[in-house]
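Asks: quick one, what's the 3D model for this:
(one chain, ligands or ions: 1)
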Amino acid sequence: MAKNILLLNGPNLNLLGSREPEVYGSTTLADVERAAMAQASLVGAKLTAFQSNHEGALIDRIQAAKQEGIDAIVINPGGLTHSSVSLRDALAGVALPFVEVHVSNIHQRETFRHHSYLSGIAVGVICGLGVDGYTAAIAFALKKL
Ligand SMILES: O=C1C[C@@](O)(C(=O)O)C[C@@H](O)[C@@H]1O
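Replies: Numbering: from 1, shown residues only. Predicted coordinates:
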């Protein structure tokens, strides 16, 4: 069981709840992070949450995760999903298991959202379940990673 989970959210996910609510819903990132921490503590695990609009800050956080004894990462990379080789390299570099989450179903949207640089090295990918995707990914990470 993963005892130490890192929940990462990339660019613009700080706007969850107010950003394009017809696509992303009305739940805020603070709500998501609070629920995620409660979900982990229910089984005696710890969850640390971090959001940044900056690619380098996310990469620094991923690199630090290894030293901090993180067992698994749950990440919604936002738009960096479709553009960032560096984020993929960081995740591959630390070799920590991770689940990729998208609130929306990226395959129902614009074609530029259909490709993810991360999915090929993720343990699994959840998209289109709204913020429940985070809950599902964390439950999986807690149980299996
Ligand atoms: O910022 C986001 C959010 C997203 O990752 C999602 O959660 O559905 C999907 C991405 O295409 C988009 O750039």
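Asks: for the ligand, see how far away the residue lying farthest from the centre of the chain is.
Replies: Distance from the centre of the chain peaks at Thr111, with 21.2 Å (Cα atoms, centre = their mean). From Thr111 over to the ligand the distance is 11 Å, taken as Cβ to the nearest ligand atom, to the nearest Å. The C-beta positions use only the backbone N, C-alpha and C, and glycine is treated the same way.
Asks: how about the contacts made by Asn9?
Replies: By Cβ atoms under 8 Å, 6 or more residues apart in numbering, Asn9 lies in contact with 16, 29, 32, 49-52, 75-76, 78.
Asks: show me where this protein has strands.
Replies: 4-9, 46-51, 72-76, 98-102, 124-127 (DSSP state E).
Asks: could I get these as a markdown table with distance to the ligand and mean pLDDT?
Replies: Output for those, formatted as a markdown table (distance: least, Cβ to the nearest ligand atom, whole Å; pLDDT from 0 to 100):
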| stretch | distance to the ligand | mean pLDDT |
| --- | --- | --- |
| strand 4-9 | 9 | 98 |
| strand 46-51 | 11 | 98 |
| strand 72-76 | 5 | 98 |
| strand 98-102 | 4 | 98 |
| strand 124-127 | 6 | 98 |
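Asks: I'm done for today, thanks for sticking with me.
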